[in-house]
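Novice: Return a 3D structure for these sequence lines:
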Amino acid sequence: NDHSDLEEGIRRLVLCSGKVYYELDEHRTKVEAKDVAICRVEQLCPFPYDLVQRELKRYPNAEVVWCQEEPMNMGGYTYVLPRLISSMKAVGRGGFDDVKYVGRAPSAATATGFLKVHQKEQAEIAEKALQRESINFPY
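Specialist: Now for the predicted structure:
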């Protein structure tokens with residue numbers, strides 16, 4: 001993205017990993033959500049504290065969201081959350097209550113097993129990540 005070192009007009013910074021980025025980016029273009037930044041965090045371990053902190057500084061007024069397509073108790077969320085909180089504290093951006101989650105609810109199964117349900121849930125994830133209203137925790 002062609003962003004400067006400081007982007008004050010961004011209302012939400014969505015951090016994600018994997019192919020969900022492309023779905024979010026496509027939906028952002030569709031709904032013209034130019035005030036949402038999406039950042040792929042592809043290297044989860046070791047966690048890229050410096051790069052995440054750079055993005056947090058770049059968008060000082062943005063609501064911070066972790067988005068994933070996996071259920072909350074799977075995928076990167078549980079690994080990333082404490083590291084993201086540490087990164088936020090390091091740049092004076094708050095803590096646990098300031099990280100929002102968008103993804104599937106906790107589940108014993110990784111997928112529903114039904115394509116139509118999966119597609120509906122994927123669409124809901126993209127819509128929620130880019131919604132105008134603030135994201136309510138937990139999911």
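
Novice: And the nearest residue to residue 136 once chain neighbours are set aside, how far from residue 28?
Specialist: With sequence-adjacent residues excluded and distances taken as Cβ to Cβ, 6 or more residues apart in numbering, residue 136 is closest to residue 100, at 7.9 Å. No exception for glycine: its C-beta is placed from N, CA and C like everyone else's. Taking Cβ to Cβ, to the nearest Å as the measure, residue 100 falls 17 Å from residue 28.

Novice: Residue 107 now?
Specialist: Distance from residue 107 to residue 28, by Cβ to Cβ: 26 Å.

Novice: For the two, indicate the residue with more neighbours.
Specialist: A side-by-side neighbour count of residue 107 and residue 28, using other Cβ atoms under 10 Å, places residue 28 first with 19 against 13.

Novice: Give me the buried positions along the helix or strand where that one lies.
Specialist: Here residue 28 sits within helix 20-31, counting by DSSP states H and E. For helix 20-31, the neighbour count (16 or more other Cβ atoms under 10 Å) marks 20, 21, 23, 24, 25, 27, 28 as buried.

Novice: helices and strands around it, which ones?
Specialist: Counting contacts by 3 or more Cβ pairs under 8 Å, 6 or more residues apart in numbering; DSSP states H and E, helix 20-31 is packed against strand 36-40, strand 63-71, helix 115-130.

Novice: Sounds good, over and out.
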